[in-house]
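*Asks:* Prediction below, plus the sequence it came from.
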Amino acid sequence: EDKVVQSPLSLVVHEGDTVTLNCSYEVTNFRSLLWYKQEKKAPTFLFMLTSSGIEKKSGRLSSILDKKELFSILNITATQTGDSAVYLCAVGGANNLFFGTGTRLTVIP
Amino acid sequence: ETGVTQTPRHLVMGMTNKKSLKCEQHLGHNAMYWYKQSAKKPLELMFVYSLEERVENNSVPSRFSPECPNSSHLFLHLHTLQPEDSALYLCASSQVAHGEQYFGPGTRLTVT
């Protein structure tokens, strides 16, 4: 059965902290792994990863994929209150896209 | 208007009503999707259209009926829904099927 598991389920940190969010997967015919940020309603796209070992970076956010160990991490450095959101991991298989339940990040001033 | 838009943003309907959700994308994408997001559950992919052809139907009850008249518009027709169908319904689009997706703001549906 295809599945995507994210950990931790929730995380509370103080501004300036660095956080690492985890996504592990078992998906047949893996094609890509995507990270989204969902604040109030619509998820917004962050990264798409298809190759192992190549870090994608955007400002304070970065992500890397390990296709051998079947996981990805999303790092956020120097967190800000605006980073508070649910971070969703999704993995594309042959004909489907499977989402994890997300990690709820709360950044306290 | 840019991106992906959805109307209405909120909808309350009785179990005997018929209503439709509308999604429009202004990104020139070729694939469109309907998702259901219930509390404390992962996003559930309902339907995928690529080049106006339905390419996937993930065992969704027949009381949900999608329609894709062209590559920019997607509808979800609703009839005789159940209270457990109350959820946030998200539309998304991507350049190619299952590529990076851009989401609309969603329709919050409540079935009474």
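*Replies:* Received, thanks.

*Asks:* and the strand or helix carrying B:Thr110, which strands flank it?
*Replies:* Using DSSP states H and E, B:Thr110 maps to strand B:107-111. Strand B:107-111 has these partner strands in its sheet, going by DSSP bridges: strand B:10-13 (parallel), strand B:87-94 (antiparallel).

*Asks:* What residues of it count as buried?
*Replies:* Under the neighbour-count criterion of 16 or more other Cβ atoms under 10 Å in any protein chain shown, strand B:107-111 has B:Thr107, B:Arg108, B:Leu109, B:Val111 buried. In this view, the C-beta of every residue, glycine as well, is placed from N, C-alpha and C.

*Asks:* for these, which one is nearest chain A?
*Replies:* Ranked by distance to chain A (Cβ to the nearest Cβ), those are led by B:Arg108 at 8.2 Å.

*Asks:* show me the contacts for that closest one.
*Replies:* Counting by Cβ atoms under 8 Å, 6 or more residues apart in numbering or on different chains, B:Arg108 touches B:Arg9, B:His10, B:Leu11, B:Leu88.

*Asks:* pLDDT and neighbour count added to these, as CSV?
*Replies:* Listed next are those as CSV, based on pLDDT from 0 to 100; neighbours: other Cβ atoms under 10 Å in any protein chain shown:
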residue, pLDDT, neighbour count
B:Arg9, 94, 12
B:His10, 95, 9
B:Leu11, 95, 18
B:Leu88, 94, 17
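
*Asks:* still on that earlier bit, which one of the strands paired with strand B:107-111 lies nearest to B:Lys36?
*Replies:* strand B:87-94 (5.0 Å; Cβ to Cβ).

*Asks:* Which strands border the helix or strand following that closest one, and is each parallel or antiparallel?
*Replies:* Using DSSP H and E, the next helix or strand after strand B:87-94 towards the C-terminus is strand B:102-103. As defined by DSSP bridges, the strand partners of strand B:102-103 come to strand B:87-94 (antiparallel).

*Asks:* what distance separates the partner strand from the centre of its chain?
*Replies:* Here strand B:87-94 is found 5 Å from its chain centre; the criterion is Cα atoms, centre = their mean, to the nearest Å.

*Asks:* if we can go back for a sec, from the contacts of B:Arg108, pick the one nearest chain A.
*Replies:* B:Leu88 (7.0 Å).

*Asks:* for chain A, which spans come out with low pLDDT?
*Replies:* In the predicted model of chain A, residues A:95 satisfy pLDDT under 70.

*Asks:* how about the residues of it that lie near chain B?
*Replies:* Within reach of chain B by Cβ under 8 Å from any Cβ of the partner chain, chain A has these residues: A:4, A:31-32, A:34, A:36, A:41-45, A:48, A:88, A:90, A:92, A:95-102.

*Asks:* Tell me the buried residues within the residues you listed.
*Replies:* By 16+ other Cβ under 10 Å, the residues of chain A next to chain B give A:4, A:31-32, A:34, A:36, A:41-43, A:45, A:48, A:88, A:90, A:92, A:96-102 as buried.

*Asks:* Give me the subset of those residues lying in strands.
*Replies:* Using DSSP state E, the subset of these located in strands is A:4, A:32, A:34, A:36, A:43, A:45, A:48, A:88, A:90, A:92, A:97-99.
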